[in-house]
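Asker: need the 3D shape of this:
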Amino acid sequence: MIRSLLAASLILFSAGPVFSESLWRTYFNDALSLYQRGYYSQSSKVALKALEISQQEYGQNSSETAETLNQLALAHSAQGKFLEAESLYSRALEIRRYISGPRSEDVGTILNNMGGLYSRTGDYSKAEEYLMAALSITESHQGSEDPDVATILNNLAEIYHAQNKYAEAEPLYRRALELNKKLLGPEHFHIAAAMSNLAGLYRAQHKFDEAEDLYREALKIYSENFSSDHPYIATTLNNLAALYRAQYRYADAEVLYNRALEIRRDKLGTEHISVASILDNLAGLYALQGRLNEAEKHYREALRIRVKLFGYEHVDVASVLRELGSIYMKKSDYEKAVETLSEADDIFKILLGESNSESLMILESLSRAYRELGKTEEADAAAEKFREERSRLR
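Answerer: Have a look, this model is predicted:
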């Protein structure tokens, strides 16, 4: 079955010479549960213990080891540890191909997850290659009308959406939605998720009426399946707020963002990644309105949560630092802007390589900040680097 997994808190145990299947499965399930609840670092640590047990009890090339490697890779990816995740996926893929052949269902699952990894790092051509291979394998085993097929179609749509290839993305989103309706029924909560994805595409195309209709229908379905303070409700409120923000309905957006934030803090705790995400969105909303002190406050709180959950070297940490840098630029605090933007640039380069699109965006701002500080040499160097990287990345 295609699924997404993620991370775990360090618990120390004495390693005995023999482990039972139930002990490995207990650790694995704990790691999976922590991942699904968004506790990625904790899940990683529990998954590492499961990996130790699976390797000692079942062997380096066992299906248990492959399953655990896949889980650990998902956890690492969620924490921005992309190179480690890629290595773990590759090892899991090698084992699955050895055990059950190159086109087994388990191989399809790992290929789907690797496609998601490459999508996160912006390597869309590789993401498409792996997802298309996963789709071919999954359809060969389960047919074209299967929930796992719908999941992969949605993932493919996401990479086209990210590249602004809306004409390619829309039919895939629609097919995934229709498949889920047929297989699960029109009121199943997975339908609401599919509607939200299509609504996001419409929002990006400024088809605001169509997007709002889908978001409201998704909200109705979630409300019929869950309580009014369920995290799924918060997610839809957050998405609807983003739509209102795009329409310059800032007051309406702020109300929904704050309600979503209230739900997530109440249900998930004050230091959950989902809380940080809405803090980011509120900060961006305040920045658009020139409420720079409020924006800075919310970005700093989002940054604190992410550093605590993931450590400093994480792509989301770098992204928040970049946004903070833009706030300092708007406040004409160019010293702070240079410091913060440089930190973001360093992290992006560690995680994504010296030449990457995220650092490219920062170089232009750094050049301006240096020029405002009268540091002409540094400004010219950053501008030249920007031109070189832009040519290389085209």
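Asker: count of residues packed around the nearest residue to P147 once chain neighbours are set aside?
Answerer: Using C-beta to C-beta, 6 or more residues apart in numbering and skipping the chain neighbours, the partner closest in space to P147 is L183 (5.7 Å). Yep, even glycine has a C-beta here, placed from its N, CA and C like the rest. When counting by other C-beta atoms under 10 Å, one arrives at 15 neighbours for L183.
Asker: show me what contacts R175?
Answerer: Residues in contact with R175, defined by C-beta atoms under 8 Å, 6 or more residues apart in numbering, are 150, 153.
Asker: could you redo the last one with a cut-off of 7 Å?
Answerer: The neighbourhood of R175, defined by C-beta atoms under 7 Å, 6 or more residues apart in numbering, consists of L153.
Asker: check I350 too.
Answerer: By C-beta under 7 Å, 6+ apart, I350 lies in contact with E313.
Asker: what helix or strand is it on?
Answerer: Here I350, judged by DSSP states H and E, is contained in helix 334-352.
Asker: from memory L237 sits against E262, does it?
Answerer: No - contact between L237 and E262 fails when scored by C-beta atoms under 7 Å: they sit 9.8 Å apart.
Asker: who has more neighbours, the two?
Answerer: When neighbours are counted by other C-beta under 10 Å, L237 comes out ahead of the other of L237 and E262, with 24 against 14.
Asker: which SSE is that one in?
Answerer: Of the helices and strands defined by DSSP H and E, L237 is found in helix 231-246.
Asker: now do the buried residues in that helix.
Answerer: 231-245 (16 or more other C-beta atoms under 10 Å).
Asker: cool, and stretch 335-351?
Answerer: Buried residues in stretch 335-351, counted by 16+ other C-beta under 10 Å: 336-338, 340-349, 351.
Asker: looking at the residues you listed, which is nearest D280?
Answerer: D280 lies nearest to A344 out of the buried residues of stretch 335-351, by C-beta to C-beta, at 14.0 Å.
Asker: which residues sit in contact with that closest one?
Answerer: Contacts for A344 were tallied using C-beta under 7 Å, 6+ apart; they are 318, 321-322, 325, 362.
Asker: just the ones of those residues in helices?
Answerer: In this view, these that belong to helices under DSSP state H are 318, 321-322, 325, 362.
Asker: among those residues, name the buried ones.
Answerer: Applying 16+ other C-beta under 10 Å to the ones in helices among the contacts of A344 flags 318, 321-322, 325, 362 as buried.
Asker: including distance to S277, could those residues go into TSV?
Answerer: Output for these, formatted as TSV (distance: C-beta to C-beta, whole Å):
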residue	distance to S277
A318	15
L321	16
R322	16
G325	19
I362	21
